[in-house]
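Colleague: Pasting the sequence and the predicted model now:
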Amino acid sequence: MSEQINMTADMNGNDKAQRQLERLQATLNRACKNVPFHRNRIQEAGLSDITELKDIEKLPFMDRTHLATHYPYGLFAVPLRDIVRIHTAPGSGASPSISGYTKTDLMIWKKMIAGAYAAANVTDRDIILVHLPPGLANWARDYKDGGEALGAGVIPNSPLSVAKTLMVLRDYKVTTLVTTPAFARHLTAHMFDREYHPNELNLKQIILVGEPDDGRTISELRDSLHVDVRLNYGLSEIPGPAVAHECRYHDGLHINDDHILSEIIDPATGRPVPAGEKGELVLTTLSARAFPLIRFRTGDMAKFLPQACPCGAASTRIRWLAEQADNYMLISGIRVSQAQVRENLKSALQLPSISCTIKKSCRSGTDILSISLTMDNDLFSDEIKNLQQLIAYAEETLTEQNGIKVKIRLTQQRV
Amino acid sequence: MLKIKNLRCCYGNIAVVHTVSLSVRQGELISIIGANGAGKSTLLGAVCGLLKNWSGEIEFKGRALKGMSAPAIVRQGISMVPEGRQIFSPLSVMDNLKMGAYTRFKKDGKHRVAEDLDMVVQMFPILKERSAQLAGTLSGGEQQMLAIGRALMARPALLVLDEPSMGLAPKIVEMIFSTIQDLSHSGVTILLVEQNARAALKISDRGYVLETGKMVLQGSADELLVDDDVKRAYLGKDYGDFLDERNQ
């Protein structure tokens, strides 16, 4: 029986397109049969059959608002009894985001993540430490499962201080660390502050998730720790991590074409951009049973790398760009809607209008959301204690709503 | 090796296979599973040239099969074991096997056909014991072995089997599937159509699930074996009570 992780990796272009077409047709047949949302939209598009991969361009897009509209189970394509895991993430709107997995889905995800590990030279002789923030708890579970499927020793996500995490890294002889760029930077800084030498560690590779390369983190980690650093791409809400991974040549990310069909579109027009030009990444799942995505707009900007990769794999390659196609911010893998944050802040402060700027910053190895709130007459109180309490309440509420730490700073109104 | 793209098969005006795509690579053992009337045998009919009214593309080793007659398709290297065996009952076992090499005598000569005959009787010793016996007097399992042996006599690059377990006792089914697996290990590429989904998937590399003429699932055999839809519909697992409990 075949146990191949990525069947299309060694296929030529035609064979890969054939396999993807087979899977796309089956996905659409299942989605039409089981999900009224997909059935109605495909019928409205007037599309009787998909006969070429290019026909997918005739189908409408899905985005995060559809997930919220059909919350919780409206987009599930199998009966609830077939679901064995329900993932919940904070989501970027009013409701949490949800996705479901059948046994087969979990098996496929395990294989995909095991494949991403294998591409990073992780084997059953490695010890993996997964260290991800609470907002990425689902990924932490998936990276644990994938590592176990590969036969590696896995230390699952545990809330440890940075000092103790460093002890675990050194004493448990961890060879592979799965974490966010922010924590990897923090850990490195802590190591050098404590005068640890990288040679004391057995660390061979770091798998970075959640954010694209900012142009310096990866090279700094590589140089300071003398380890291989691989980037993985995924969606924190759905369907999961390791949708794409870097190979040993570190030149773009290989998409798992067996299970994901990727497009890059102009976010303004929705039209595909010419190969090599940047645009918004759109994903269609090809094997997901429980929660199929059809032309899902990720909000992440990327461009296809049309040249063949020196590693020889024929899979589609993308360059993941450090920008967003919409007004979302990507903070350690969690997507935060700036508009939603403003709305939430207004309601927490019980004010009709506010003026604020929102940005990402880093504190103690964790990326946080920093809000500079302009003090105005509505907000002002002569009781400083009351004001402090109100701000603390707003910070707590927003942290809970977004699944990421929020810090509010009051600034003076400009006159 | 075999590539089917957007196949649509009709009986008169009624379409029974709707825009189906599938592929078989060299050396693979692929199963198509599905209930009665799903369109499995119709699909095989189109591949083997027995059904003419189809549209779409069928390519074998890069060559389009559209318009080819069934014997021409056998010469291309596709050999079929039909549903219900369809052996030549009034002929002897040996003559049935020789009929399998019908398209090869001119091209390959008697010597090579005799070599293959030896190979087949080694694989199925019972056929040697009964070589002079009329094929119609064999048991169901023996007839199935004869049908497979006859198909192998065409020295196929792709062996297509239509419901080889049909009407056979469980022990015989086990033996037939073990033979199919041995054939696959020896390098023969196999396309297997079966209602006995579990037995078929257990020996397959990948599988496709057809439902009322549409492909609804495909994947590696281990993925399909744990799939609840497949279990319910084709593996005969009764979920009734369990479902009711979870729906409450």
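Modeller: Cool, got the structure. Keep in mind the model is a prediction, meaning the values are calculated, not measured.
Colleague: alpha carbons only for contacts and neighbour counts from here, please
Modeller: Fine.
Colleague: Can you get me a residue count around the closest residue to chain A within chain B?
Modeller: At 4.4 Å from chain A, residue B:216 is the closest residue in chain B, using CA to the nearest CA. For residue B:216, the neighbour count with other CA atoms under 10 Å in any protein chain shown is 23.
Colleague: Which helix or strand contains the closest residue to it other than its chain neighbours?
Modeller: The spatial neighbour of residue B:216 that comes closest, neighbours along the chain excluded (CA to CA, 6 or more residues apart in numbering or on different chains), is residue A:26 at 4.4 Å. Taking DSSP states H and E as the definition, residue A:26 sits inside helix A:13-34.
Colleague: ok, residue B:153 touching residue B:94?
Modeller: No. The criterion here is CA atoms under 8 Å, and residue B:153 misses it with residue B:94 at 11.2 Å.
Colleague: Residue B:184 belongs to a helix?
Modeller: Yes. Looking at residue B:184 with DSSP: H, G, I helix; E, B strand; the rest coil, it is inside a helix.
Colleague: any idea how far residue B:222 is from residue A:146?
Modeller: Here residue B:222 is placed at a distance of 17 Å from residue A:146 (CA to CA, to the nearest Å).
Colleague: neighbour-wise, which of the two wins?
Modeller: The residue with more neighbours, out of residue B:222 and residue A:146, is residue A:146; 26 against 20, by other CA under 10 Å.
Colleague: Up against chain A, what does chain B have?
Modeller: Counting by CA under 8 Å from any CA of the partner chain, chain B comes close to chain A at B:3, B:5-6, B:19-23, B:202-206, B:214-224, B:226-228, B:243, B:246-247.
Colleague: just the buried members of the residues you listed?
Modeller: Among the residues of chain B next to chain A, those classed as buried by 16 or more other CA atoms under 10 Å in any protein chain shown are B:3, B:5-6, B:19-23, B:202-206, B:214-224, B:227-228.
Colleague: quick one: contacts for the residue of chain A found nearest chain B?
Modeller: Closest contact between chain A and chain B, by CA to the nearest CA, is at residue A:26 (4.4 Å). Residue A:26 makes contacts with B:214-218, as judged by CA atoms under 8 Å, 6 or more residues apart in numbering or on different chains.
Colleague: Can you add pLDDT and distance to residue A:164 and give those residues back as TSV?
Modeller: Compiled in TSV, the contacts of residue A:26 are given as follows (pLDDT from 0 to 100; distance: CA to CA, whole Å):
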residue	pLDDT	distance to residue A:164
B:214	94	55
B:215	94	52
B:216	93	50
B:217	93	47
B:218	93	46
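Colleague: wait, isn't residue A:233 in contact with residue A:241?
Modeller: Yes. Look at residue A:233 against residue A:241 with CA under 8 Å: they come within range, at 6.3 Å.
Colleague: Comparing those two, which residue is more hemmed in?
Modeller: residue A:241 (26 against 22).
Colleague: what helix or strand is the more buried one on?
Modeller: Going by DSSP H and E, residue A:241 is not in any helix or strand.
Colleague: With adjacent residues omitted, what lies nearest to it?
Modeller: residue A:234 is the one closest to residue A:241 (CA to CA, 6+ apart), at 4.0 Å.
Colleague: and if you look at residue A:308?
Modeller: In this structure, residue A:308 finds its nearest non-sequential neighbour in residue A:314, 7.0 Å apart by CA to CA, 6+ apart.
Colleague: and the nearest residue to residue A:116 once chain neighbours are set aside, which of the three is it?
Modeller: Leaving aside its chain neighbours, residue A:116 sits nearest to residue A:245 (5.9 Å; criterion: CA to CA, 6+ apart). Here residue A:245 is recorded as strand under three-state DSSP.
Colleague: again with residue A:106
Modeller: helix.
Colleague: can you count the residues close to residue A:106?
Modeller: Residue A:106: 20 neighbours (other CA under 10 Å).
Colleague: ugh, typo on my part, it should be residue A:45
Modeller: Residue A:45 has 12 neighbouring residues, counting by other CA under 10 Å.
Colleague: Is it in contact with residue A:59, as I believe?
Modeller: Yes. Between residue A:45 and residue A:59 there is a contact under CA under 8 Å: 6.3 Å.
Colleague: buried ones in whichever strand or helix holds residue A:117?
Modeller: Secondary-structure assignment from DSSP H and E places residue A:117 in helix A:103-119. Neighbour-count burial for helix A:103-119 flags A:103-119 (criterion: 16+ other CA under 10 Å).
Colleague: Over to stretch A:207-217?
Modeller: Those would be A:207-213, A:217, for stretch A:207-217 by 16+ other CA under 10 Å.
Colleague: again, but for stretch A:218-238
Modeller: Buried-residue list, stretch A:218-238, by 16+ other CA under 10 Å: A:218, A:221-222, A:225, A:227-238.
Colleague: Identify the farthest-apart pair in those.
Modeller: Pairwise distances across the buried residues of stretch A:218-238 peak at 32.3 Å for A:225 and A:238 (criterion: CA to CA).
Colleague: thinking again about what came up before, CA-only coordinates of the helix holding residue A:26 in CSV, if you can.
Modeller: What follows is helix A:13-34, C-alpha atoms only, in CSV (Å, rounded to 0.1, in the frame of the first residue of the first chain):
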residue,chain,number,x,y,z
GLY,A,13,3.4,19.4,-15.4
ASN,A,14,0.7,17.4,-17.4
ASP,A,15,0.5,14.6,-14.9
LYS,A,16,0.3,17.0,-12.0
ALA,A,17,-2.5,19.0,-13.7
GLN,A,18,-4.4,15.8,-14.4
ARG,A,19,-4.2,14.7,-10.7
GLN,A,20,-5.2,18.2,-9.5
LEU,A,21,-8.1,18.2,-12.0
GLU,A,22,-9.3,14.8,-10.7
ARG,A,23,-9.2,16.0,-7.2
LEU,A,24,-10.8,19.4,-8.0
GLN,A,25,-13.7,17.7,-9.8
ALA,A,26,-14.3,15.3,-6.9
THR,A,27,-14.1,18.2,-4.4
LEU,A,28,-16.6,20.2,-6.3
ASN,A,29,-18.9,17.2,-6.6
ARG,A,30,-18.8,16.6,-2.9
ALA,A,31,-19.2,20.3,-2.0
CYS,A,32,-22.2,20.7,-4.4
LYS,A,33,-23.8,17.6,-3.0
ASN,A,34,-23.4,18.4,0.7
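Colleague: next structured bit after that helix?
Modeller: Counting by DSSP H and E, the next helix or strand C-terminal to helix A:13-34 is helix A:36-44.
Colleague: Next, see if that next one gets close to chain B.
Modeller: No. Figure legend: helix A:36-44 not in contact with chain B (CA under 8 Å from any CA); closest approach 14.3 Å.
Colleague: How far away from the center of its chain is that helix?
Modeller: In terms of CA atoms, centre = their mean, to the nearest Å, the centre of helix A:36-44 is set 27 Å apart from its chain centre.
Colleague: That one versus helix A:13-34: what angle between them?
Modeller: 110 degrees (axes from the mean of the first three to the mean of the last three CA atoms, to 10 degrees).
Colleague: Next, the buried residues of helix A:36-44.
Modeller: A:38-39, A:42.
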